[in-house]
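Trainee: What follows is a predicted protein model with its sequence.
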Amino acid sequence: MAFLSSFKNTFLIWLLMLTACGNPVKKDKDSAALELPKTKKLQESPIVAGANDTESYLPYLTNKRVGVVANQTSIIFKIYNSESKDTGSYTHLVDSLLALGIDIKKVFAPEHGFRGMADAGEHVKDGTDTKTGLPIISLYGKNRKPSSAQLDSLEIVVFDIQDVGVRFYTYIATLQLVMEACAEKGIPLLVLDRPNPNGHYIDGPTMENKHMGFLGLTPVPLVYGMTIGEYAQMINNEGWLENGIKADLTVVPLRNYTHDSSYSIPVRPSPNLPNQVAINLYPSLGLFEGTNINAGRGTESQFQRYGAPFLDSTAYNFTYVPKPNFGSKNPKHLGEKCYGKDLSSWPRMNEVSLQWLIDAFTHSTDQKLFFNTTGFTRHAGTEKLQQQIEAGWSEKEIKSSWQKDLDKFRGIRSKYLLYP
């Protein structure tokens, strides 16, 4: 017991050395954010994630029965520096909190599971974490929203998952449903904020109400330019939870972050986003998920290339053959030669590009094979985009049709920004 006590004290000292932040300040009775420390030169200091700020949020968890919504990205870093390839040592949030004596009762896991091993769209079962012995409740299996019974034993829930800032990336839908479940149960929710690697711009078609689902539960653009903490505050205060209810929400903010910060995620946020190039191209190439074009799944360059056997071989000098791998057990066009483009050296994007979608459609030898209409509409959030591409609209014309909705969203978004 003396050894365990000494270990916990050493671990706590290590964590507290990484963090220094002021006391929490309530912004309103329904939503709170910890006050951001004033930093004169934000870009000269490493970004510090909310999870690292243990000194600020441990008082919320002490002597409470805690639930955690987490996956492989829920980590506490010693160094959080996008300029350095060496991110230093880190521990998983769940392991860290257990070592500090926090009473975690269960873990809720999003799409891809707690350890991030499941394919996109793969049903994930409940289970037990072999390392900690904690029960794992899947939010991408029998239910996508925690049930009342699953929350019964909890006094507070912590949400800590790395988002990539794209509407059809399902972690924000999980966030919304967790918020809703906690609000219905009267359980406080603590969101540990993380940087958005696509937080430097807003673009794309806006989700229409009639097409809302797990690939988009709110009327936001494809790329919304907010951290997950900012997004949570917007959901809460725009009345987007069921019946307009509000969660007892607290956001633990980032330090030294701006929306223009260049940030590389050191841990794959999901199996098929292996690096920053893929994450940056994902808003544009992710639209291929609603077509019969392969977007690099079944290769080591997921979302950094696209192709299909039915693209005109005379138009492309790049080919590849998708095979089963860590990211995809059964990728589109498995074992077939795909003609397309390699974008692995593409520079950082500041907008959603339709050039590759239009290019592939134009060079399809049979355009009837191109769209999976239902899937494409769910990803785009509107039927109009497919109709515009099929009608031969240019990228400039299509993007012009988004502007009214984008301007409206900018007005909503501005009310919830925590960072410059």
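Mentor: Received it, and whenever you're ready, just let me know what you need. Worth saying up front: this structure is predicted, and the values here are computed from it rather than measured.
Trainee: Would you map the helices across the stretch 201-350 of the chain?
Mentor: 228-237, 276-285 (DSSP state H, counting those that start in this stretch).
Trainee: Can you list the helices and strands that the first one packs against?
Mentor: Meaning helix 228-237. strand 31-34, helix 171-185, strand 189-192, strand 249-252, helix 403-413 (3 or more Cβ pairs under 8 Å, 6 or more residues apart in numbering; DSSP states H and E). Placement of C-beta: from N, CA and C, glycine included.
Trainee: Pipe the helices of the stretch 201-350 of the chain into TSV and attach mean neighbour count, mean pLDDT and distance to Gly296 per row.
Mentor: TSV is the format used below for the helices of the stretch 201-350 of the chain (neighbours: other Cβ atoms under 10 Å; pLDDT from 0 to 100; distance: least, Cβ to Cβ, whole Å):
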stretch	mean neighbour count	mean pLDDT	distance to Gly296
helix 228-237	24	98	25
helix 276-285	23	98	8
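Trainee: could I get those as JSON lines with distance to Leu311?
Mentor: JSON lines is the format used below for those (distance: least, Cβ to Cβ, whole Å):
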{"stretch": "helix 228-237", "distance to Leu311": "36"}
{"stretch": "helix 276-285", "distance to Leu311": "15"}
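Trainee: tell me the contacts of Lys145?
Mentor: Lys145 makes contacts with Leu139, Leu177, Val178, Glu180, Ala181, as judged by Cβ atoms under 8 Å, 6 or more residues apart in numbering.
Trainee: between those, which has the most around it?
Mentor: Val178 (27 neighbours; other Cβ atoms under 10 Å).
Trainee: ok now do it, which residues does it touch?
Mentor: Val69, Phe108, Leu139, Lys145, Pro146, Val157, Phe159, Leu189.
Trainee: From Phe288, how far out is the second one?
Mentor: Which is Phe108. 30 Å (Cβ to Cβ, to the nearest Å).
Trainee: And the third one, by the same measure?
Mentor: For Leu139, the distance to Phe288 under the criterion Cβ to Cβ works out to 26 Å.
Trainee: what does the domain assignment say about the protein?
Mentor: 2-268, 276-382 (automatic domain parsing).
Trainee: weakest of those domains by average pLDDT?
Mentor: Within these, confidence is poorest for domain 2-268, with a mean of 84 (mean pLDDT).
Trainee: still on that earlier bit, quick one: the domains of the chain as JSON lines, columns for distance to Asp405 too.
Mentor: Formatted as JSON lines, the domains of the chain follow (distance: least, Cβ to Cβ, whole Å):
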{"stretch": "domain 2-268", "distance to Asp405": "4"}
{"stretch": "domain 276-382", "distance to Asp405": "10"}
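Trainee: of all those domains, which lies closest to Ile412?
Mentor: Nearest to Ile412, of all the domains of the chain, is domain 2-268, at 6.6 Å by Cβ to Cβ.
Trainee: still on that earlier bit, sort out for me which of the contacts of Val178 are in strands.
Mentor: Val69, Phe108, Val157, Phe159, Leu189 (DSSP state E).
Trainee: State the three-state secondary structure for the residue nearest to the third one when sequence neighbours are not counted.
Mentor: Leaving aside its sequence neighbours, Val157 sits nearest to Gly67 (Cβ to Cβ, 6 or more residues apart in numbering; 4.5 Å). Using DSSP: H, G, I helix; E, B strand; the rest coil, the three-state assignment for Gly67 comes out as strand.
Trainee: contacting residues around Gly67?
Mentor: Neighbours of Gly67 in contact, by Cβ under 8 Å, 6+ apart: Ile104, Lys105, Lys106, Val107, Phe108, Pro146, Leu151, Leu154, Ile156, Val157, Val158.
Trainee: what's the closest of the helices of the stretch 201-350 of the chain to Arg194?
Mentor: helix 228-237 (6.2 Å).
Trainee: tell me the angle the closest one makes with helix 403-413.
Mentor: Per axes from the mean of the first three to the mean of the last three Cα atoms, to 10 degrees, the angle that helix 228-237 makes with helix 403-413 is 90 degrees.
Trainee: ok now helix 228-237, how far from the chain's centre?
Mentor: Offset of helix 228-237 from its chain centre (Cα atoms, centre = their mean, to the nearest Å): 14 Å.
Trainee: do you know how far the closest residue to Arg268 other than its chain neighbours is from Gln304?
Mentor: Among residues not flanking Arg268 along the chain, Pro274 sits closest, at 5.9 Å (Cβ to Cβ, 6+ apart). Look at Pro274 and Gln304: by Cβ to Cβ, they are 8 Å apart.
Trainee: So for those two, which sits in the more crowded spot?
Mentor: Taking other Cβ under 10 Å, Pro274 and Gln304 do not tie; Gln304 has more neighbours (24 against 19).
Trainee: wait, doesn't the more buried one sit right on Tyr282?
Mentor: No: using Cβ atoms under 8 Å as the test, Gln304 is too far from Tyr282 to be in contact (9.6 Å).
Trainee: From Leu311, how far off is Asn292?
Mentor: From Asn292 over to Leu311 (counting by Cβ to Cβ), the distance is 10 Å.
Trainee: Please identify which of those two sits among more neighbours.
Mentor: Leu311 (25 against 20).
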